[in-house]
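Engineer: I would like to see how this sequence folds:
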Amino acid sequence: MWRKTGKILILLFPTIVCASELSLTASVDRTEVGLGETLDLTVSVHGENIGDVPSPTLPELPDFEIIGRSSSQETSIQFTNGKMTQQQGIHFTYTLSPKKLGKASIGAVKLEYQDRTYETQTTEVNVVQGVTKKPSPRSSRSTPPEAELASQDNLMVVATANRREVYWGEEVVVEFALYSRLHMSDVNVVESPTFNGFWVKSVYDAKRLDFQRRSFNGKSYDVSVLKKCALLPLSSGELEIGEMSLSVAVVQRSRDFFDFFGRTRTVSIRSEPIVINVKPLPTENRPSEFTGGVGKFTIKASLDRVASEAAEPVNLTVRLEGAGNIPFIERPPIPAIPGVKILDPEIRENAELVGDRMKGYKEFRYPVLPQTDGEHLIPSIRIAYFDLEDETYRTLGTEELRFTASHTTAATEFVPTSGLKVLGTDIRFIKPDLTQLQSQRCAPQGWLIFVYIGSLGLIGLSLVFERHRARLLTDRAYARRLRSNRMMKRRLKQAETCLRENDEKEFYSSLSKATLGYLGDRYDWEVHAMTKDELRDQLTREKVREEVIDKILNLLDQCDVACFSPSLMTVKEPKELFSQVKDVLSEL
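Structural biologist: Below you'll find the predicted structure:
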């Protein structure tokens, strides 16, 4: 859970590691905190041109629970002896809640930047019973007005749909737009909306922000459309259009005269989900010619020729044109025609959003193969659709078409599986003079077959290995999952070593690390940044059985209790706890 705060607390007891490129600082806002209260751990990075610096890596925090995160940036210009220098600062703030009374430590924070590793020192915190007084910030910085406005209605993603109640197959046009009354420096899409239960046609995806002035709820905004889609519901009932989530860097005004660029604050915003009520099409009086069309259509049919000679195919084109769910329309049924064979059609379609309706055409091109000579009649082709204006079914029909076939029977015979076949002219048999042909050995020797099969096997193994190696380099989750069992055994062995040496505190700590480390590697999670509730939710999503989840969380609690309050343990024997951890991890 990330807190929306841009406030930078005063840094007490800082530990600094400096280099020519940047400096890394880790500090807490107080060193004594009551059980049930919170403290802020602030990790600050300062240097020149460090806009691409990654987030720092927190150590394992067995004594604390992370309940909030925030970040802020600042840029300042300084003039020294006529020379201008630009300094940047990025602050990562983590809100921690202590779990147990007594001395608690926050380990070294690490940062990988430009092939170098920066590291802070350990910070000690005293957790006491009762309520402590939190020190007031002495920093001159205050939350700029823009930061407060960003949490209200001055920066938002608005999702709109032109219809909230539709019939099955009726199009819905959805638009996602960014509404802003602030100055922004960067906008990133964190989560794209989902359209479960809909057929989706993308109409517009923004490549850059193009703001226009609009009025919304009595206020003026700069509005940029981010995404526009045409949706066709695939089923009836209530269907939900998911949220779009953005990360926006809001530029805040600075009180420093020489800070021309100001500071930025990253704000997360998301749209509200939209629920579309989809009504089923009525079944009463539904014509048998209905092929799925919903909207308003016209139909026409044509032949590309009126005469066929020597069984030359005639192409019958049936074209539906209008506004509606053109992609859903199935081919119309063609009645049986004596003396004619009709093949499956070639289908072409074109549908574009015009206003709030999808318009275009769908064309079915049937090859018609005459089987007998004479005049052939193609009767009216009928198709039904659901008219949205009148909320009733309508049936359309084409005009009758005629064509003449000649020299058909002597030329061809239709073979359904392979098309046209000429009889009696495409095969000439070889008739040898000998009354009996001698058997000739043409099979290869047996060992050559094994060599051939072996070479194919080696090629296959090399391809599999190369794919595996490439995936290890590019797929972090795959690499972690592959090594999860090996790392679990190594961590459990380390815990077993601590148990043999009677170092119980380190034993319980290693046991907790082995459990959390295996979960992190198995599912590619950052488990040390999760609360117990978040860990339970993630395990539930992975469909882990409820009793196994309870065992895991109980064992982690037992390890924490053993480190800080051994008298409260329910499992008295370390070997028993060790055995329980091995059993529960094997169940995963």
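Engineer: count the neighbours of residue 288 for me.
Structural biologist: The tally of other residues near residue 288 (other Cβ atoms under 10 Å) stands at 8. C-beta coordinates here come from the backbone N, C-alpha and C atoms, glycine included.
Engineer: under a three-state scheme, what state does it occupy?
Structural biologist: Following DSSP: H, G, I helix; E, B strand; the rest coil, the label given to residue 288 is coil.
Engineer: confirm that residue 505 sits in a helix.
Structural biologist: Yes: the assignment for residue 505, made by three-state DSSP, places it in a helix.
Engineer: report the separation between it and residue 540.
Structural biologist: In this structure, residue 505 lies at 32 Å from residue 540, with Cβ to Cβ, to the nearest Å as the measure.
Engineer: ok, now residue 341?
Structural biologist: Following Cβ to Cβ, the distance that separates residue 341 from residue 540 is 58 Å.
Engineer: within the helices and strands, which one has the nearest residue to residue 171 once chain neighbours are set aside?
Structural biologist: For residue 171, ignoring the flanking residues on the chain, the nearest one in space by Cβ to Cβ, 6 or more residues apart in numbering is residue 358 at 5.0 Å. Assessed by DSSP states H and E, residue 358 sits inside strand 357-370.
Engineer: hey, C-alpha coordinates of the host helix or strand of residue 43 in CSV?
Structural biologist: Assignment of secondary structure by DSSP H and E places residue 43 within strand 39-47. Extracted in CSV, the C-alpha atoms of strand 39-47 (Å, rounded to 0.1, in the frame of the first residue of the first chain):
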residue,chain,number,x,y,z
LEU,A,39,7.9,5.3,12.1
ASP,A,40,9.2,6.5,8.7
LEU,A,41,12.4,5.1,7.1
THR,A,42,13.6,7.6,4.5
VAL,A,43,16.2,6.5,1.9
SER,A,44,17.6,9.6,0.0
VAL,A,45,19.7,9.6,-3.1
HIS,A,46,21.5,12.8,-4.2
GLY,A,47,23.7,13.6,-7.1
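Engineer: what's in contact with that strand?
Structural biologist: With contact meaning Cβ atoms under 8 Å, 6 or more residues apart in numbering, strand 39-47 is reached by 8-9, 11, 21-30, 33, 53, 56, 87-96, 98, 106, 109, 111, 120, 123, 125.
Engineer: give me that answer again for 7 Å
Structural biologist: For strand 39-47, the surrounding residues in contact (Cβ atoms under 7 Å, 6 or more residues apart in numbering) are 9, 11, 21-30, 33, 53, 56, 87-96, 106, 109, 111, 125.
Engineer: what is the mean pLDDT for that strand?
Structural biologist: Computed over strand 39-47, the mean pLDDT rounds to 85.
Engineer: how far off centre is it?
Structural biologist: Centre-to-centre, strand 39-47 and its host chain are 31 Å apart (Cα atoms, centre = their mean, to the nearest Å).
Engineer: what about the helices in this protein?
Structural biologist: Ranges of helices in the chain, per DSSP state H, are 145-150, 446-474, 476-500, 504-523, 532-541, 546-564, 574-587.
Engineer: what are the buried residues along the last one?
Structural biologist: By that I understand helix 574-587. Judged by neighbour count (16 or more other Cβ atoms under 10 Å), helix 574-587 contains these buried residues: 574, 577-578, 580-582, 584-585.
Engineer: CA atoms only for it, dumped as PDB, please.
Structural biologist: Listed in PDB are the C-alpha atoms of helix 574-587, where the atom choice follows Å, rounded to 0.1, in the frame of the first residue of the first chain:
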ATOM      1  CA  PRO A 574      13.100 -26.400  17.700                       C
ATOM      2  CA  LYS A 575      13.400 -29.800  16.000                       C
ATOM      3  CA  GLU A 576       9.600 -30.100  15.900                       C
ATOM      4  CA  LEU A 577       9.300 -26.600  14.300                       C
ATOM      5  CA  PHE A 578      12.000 -27.500  11.800                       C
ATOM      6  CA  SER A 579      10.200 -30.600  10.800                       C
ATOM      7  CA  GLN A 580       6.900 -28.700  10.400                       C
ATOM      8  CA  VAL A 581       8.500 -26.200   8.100                       C
ATOM      9  CA  LYS A 582       9.900 -29.000   5.900                       C
ATOM     10  CA  ASP A 583       6.500 -30.600   5.700                       C
ATOM     11  CA  VAL A 584       4.600 -27.500   4.800                       C
ATOM     12  CA  LEU A 585       7.100 -26.500   2.200                       C
ATOM     13  CA  SER A 586       6.900 -29.900   0.600                       C
ATOM     14  CA  GLU A 587       3.100 -29.500   0.400                       C
END
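Engineer: what sits against residue 394?
Structural biologist: The neighbours of residue 394, taking Cβ under 7 Å, 6+ apart as the test, are 384-385, 387.
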